[in-house]
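# Let me see the structure of the following:
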Amino acid sequence: MQKGRTFAEINITENGPYIVSGRVPLRKEIIAIGSDNEPQKWLKAEAFKSKKTYALCRCGGSKNKPYCDGTHILINFDGTETADNASYIEKAKKYSGPELDLLDWPELCASARFCHRANGIWNLIKKSSDKKMRKIAIESACNCPSGRLVALEKNGGKIEPKHKKGIALVEDPQAKCSGPIWVKGGIPIKSSKGFYYEKRNRVTLCRCGASSNKPFCDGTHISIGFKADKKPKK
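Numbering: from 1, shown residues only. So this is what the prediction gives:
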């Protein structure tokens, strides 16, 4: 091991926070809406001070968000991990089009809605021989923060955004809520049970505390109106 070198990793603690090590950059990113009133791109927002190690709240109740303040203990937070640890390729369904294919694992959906553009990415895949439709389909798949959707070239090659290792705290003004913790660049995520989840270029972790697919986001933050900047009720 090279002296002084740090390796990025996220450790999920039992019924507690995500411990992030390796001086992983942390910032907010905002879902921006296009002319069709659907999510179209990401806007970078506030960057947090660099830290070698930090603990991110995953119960949704911290008064010091995005960081943990121990509230999970006071509220008896149940952070039991229930997500399927199968590989993506094993679980994803394949949709075929003339110029592009699409892989889709619905259980990973974080409800970011980039797939809604132009009547839906599944429709776009069918029309991928059209250059404009192909372009929108690729953008839609690559903007999916959870990695639920992955566009494929017809030779099977994945089309992935070029993400450096980093974490983004998603804000969703259209849905009037705060979204998940967006993990980028293949950062290893270790379960509280001791195993590692499949390393992927992009995944979303729950930060409202209410997902039924922990540690991953399932879009529940929208239905409960989770707001990271709102002070919890006393």
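
# and the gap between residue 123 and residue 95?
Residue 123 sits 10 Å away from residue 95 when distances are taken as CB to CB, to the nearest Å. C-beta coordinates here come from the backbone N, C-alpha and C atoms, glycine included.

# what domains does the record give for this structure?
Using automatic domain parsing, the domains assigned to the chain come out as 9-32+41-84+164-223, 88-159.

# CSV please, covering the ones you listed and showing distance to residue 229 and mean neighbour count.
Formatted as CSV, the domains of the chain follow (distance: least, CB to CB, whole Å; neighbours: other CB atoms under 10 Å):
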stretch, distance to residue 229, mean neighbour count
domain 9-32+41-84+164-223, 7, 18
domain 88-159, 19, 18
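
# Can I get those in JSON lines including mean pLDDT?
JSON lines is the format used below for the domains of the chain (pLDDT from 0 to 100):
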{"stretch": "domain 9-32+41-84+164-223", "mean pLDDT": "98"}
{"stretch": "domain 88-159", "mean pLDDT": "97"}
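
# And the helices in this protein?
Secondary structure of the chain by DSSP state H: the helices cover 71-74, 88-91, 121-126, 131-143, 220-223.

# Would you reformat these as a markdown table and include distance to residue 48?
Compiled in a markdown table, those are given as follows (distance: least, CB to CB, whole Å):
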| stretch | distance to residue 48 |
| --- | --- |
| helix 71-74 | 19 |
| helix 88-91 | 29 |
| helix 121-126 | 32 |
| helix 131-143 | 22 |
| helix 220-223 | 20 |
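
# right, and the ones you listed - which one's nearest residue 34?
Shortest separation from residue 34 across the helices of the chain is recorded for helix 131-143, at 10.1 Å, computed as CB to CB.

# Mind giving me the packing neighbours of that closest one?
The helices and strands touching helix 131-143, judged by 3 or more CB pairs under 8 Å, 6 or more residues apart in numbering; DSSP states H and E, are strand 39-47, strand 100-104, helix 121-126, strand 149-153, strand 158-159.

# Name the residues that touch that helix?
Applying CB atoms under 8 Å, 6 or more residues apart in numbering, the contact partners of helix 131-143 are 39-42, 97, 99-100, 102, 112, 114-115, 117-118, 121, 124-125, 127-128, 149-151, 159-161.

# quick one: contacts of stretch 83-103?
For stretch 83-103, with CB under 8 Å, 6+ apart as the criterion, the contacting residues are 104-105, 107, 121-122, 124-129, 134, 137-138, 141, 147, 149-154, 156, 159, 191, 195, 197-198, 200, 213-216.

# try it again with 7 Å
Contacts to stretch 83-103, defined as CB atoms under 7 Å, 6 or more residues apart in numbering, come from residues 104-105, 107, 121-122, 125-126, 128-129, 134, 137, 141, 149-152, 154, 195, 197-198, 200, 213-216.

# Bridged to the most centrally placed residue in the chain, which residues?
Central residue check for the chain by CA atoms, centre = their mean: the C-alpha nearest the mean position is that of residue 204, 2.1 Å away. Residue 204 has the following beta-bridge partners by DSSP bridges: residue 182.

# Format the helices and strands packed on helix 131-143 as CSV; extra columns: distance to residue 83.
Formatted as CSV, the entries for these read as follows, by distance: least, CB to CB, whole Å:
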stretch, distance to residue 83
strand 39-47, 24
strand 100-104, 17
helix 121-126, 23
strand 149-153, 17
strand 158-159, 21
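
# Of the ones you listed, which is nearest residue 181?
Judged by CB to CB, the one of those that comes nearest to residue 181 is strand 39-47, at 14.5 Å.
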